[in-house]
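Visitor: sequence first, predicted coordinates after that:
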Amino acid sequence: AQKITQTQPGMFVQEKEAVTLDCTYDTSDPSYGLFWYKQPSSGEMIFLIYQGSYDQQNATEGRYSLNFQKARKSANLVISASQLGDSAMYFCAMREAIFRYGNNRLAFGKGNQVVVIP
Amino acid sequence: NAGVTQTPKFQVLKTGQSMTLQCAQDMNHEYMSWYRQDPGMGLRLIHYSVGAGITDQGEVPNGYNVSRSTTEDFPLRLLSAAPSQTSVYFCASRPQYDSGYGYTFGSGTRLTVV
């Protein structure tokens, strides 16, 4: 079963505008973590932001914020004031506890492609 | 500080050949993982390790072996390469006791099996 769902088609965003990337997840584990990664055309995976399931406030990191709606199992990424360098694929990922060896497994969504246009 | 270093960056193999993808980290992270990335599939976990001498299978372990003799190194071995193993391979690490830590990824190895 798909753990992380990212269903938006490729998006074009005007420079300096905000963009929201949707992510829904599925878990029965009460303790989990949600991550967003950026993958530019060069291929590396860049960590952007983290939200823990028990965190009371939405996470923020500079221009990135995470709109965490626990009851809806939703963890949308908001990028404010888009820049040309934000053009990339964005992946949502979830960490769950593993019974034998602790929480080390990341389940990834299929990604959202974002293109920022001037 | 090099972070996570993967070698080689590119590799072409013939079907049936074996090879080892290297991964080394200098951050003293206990946890290390191997993922493969295929078009339209996101990243999928192949194997992971929670410390030297301890490894376990992920979602797609068939055709791959790992070992962890030191904290720093976590090589991935392809025993008999198949075209289905054509992919981009990422190694990642994180410290054991910081669950909010964004896993650090290597720059990837692009493998083609012909």
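Guide: On my side now, so go ahead.

Visitor: and residue 13, backbone torsions?
Guide: No chain was given, so I picked chain A. Here is the backbone geometry of A:Val13 (degrees, to the nearest 10): phi -130, psi 140.

Visitor: which residues does B:Thr112 form beta bridges with?
Guide: Beta bridges link B:Thr112 to B:Val12, judged by DSSP bridges.

Visitor: wait, what's in contact with it?
Guide: Going by C-beta atoms under 8 Å, 6 or more residues apart in numbering or on different chains, B:Thr112 touches B:11-13, B:86. The C-beta positions use only the backbone N, C-alpha and C, and glycine is treated the same way.

Visitor: where does B:Ser80 sit: helix, strand or coil?
Guide: At B:Ser80, secondary structure determined by DSSP: H, G, I helix; E, B strand; the rest coil is coil.

Visitor: nope, B:Arg44 is what I meant
Guide: Under three-state DSSP, B:Arg44 comes out as strand.

Visitor: quick one: residues contacting it.
Guide: Shown in contact with B:Arg44 (C-beta under 8 Å, 6+ apart): A:108, B:35-38, B:58-60.

Visitor: dump those residues to JSON lines, plus distance to A:Ile79.
Guide: JSON lines is the format used below for those (distance: C-beta to C-beta, whole Å):
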{"residue": "A:Phe108", "distance to A:Ile79": "19"}
{"residue": "B:Tyr35", "distance to A:Ile79": "24"}
{"residue": "B:Arg36", "distance to A:Ile79": "27"}
{"residue": "B:Gln37", "distance to A:Ile79": "22"}
{"residue": "B:Asp38", "distance to A:Ile79": "26"}
{"residue": "B:Gly58", "distance to A:Ile79": "30"}
{"residue": "B:Glu59", "distance to A:Ile79": "29"}
{"residue": "B:Val60", "distance to A:Ile79": "31"}
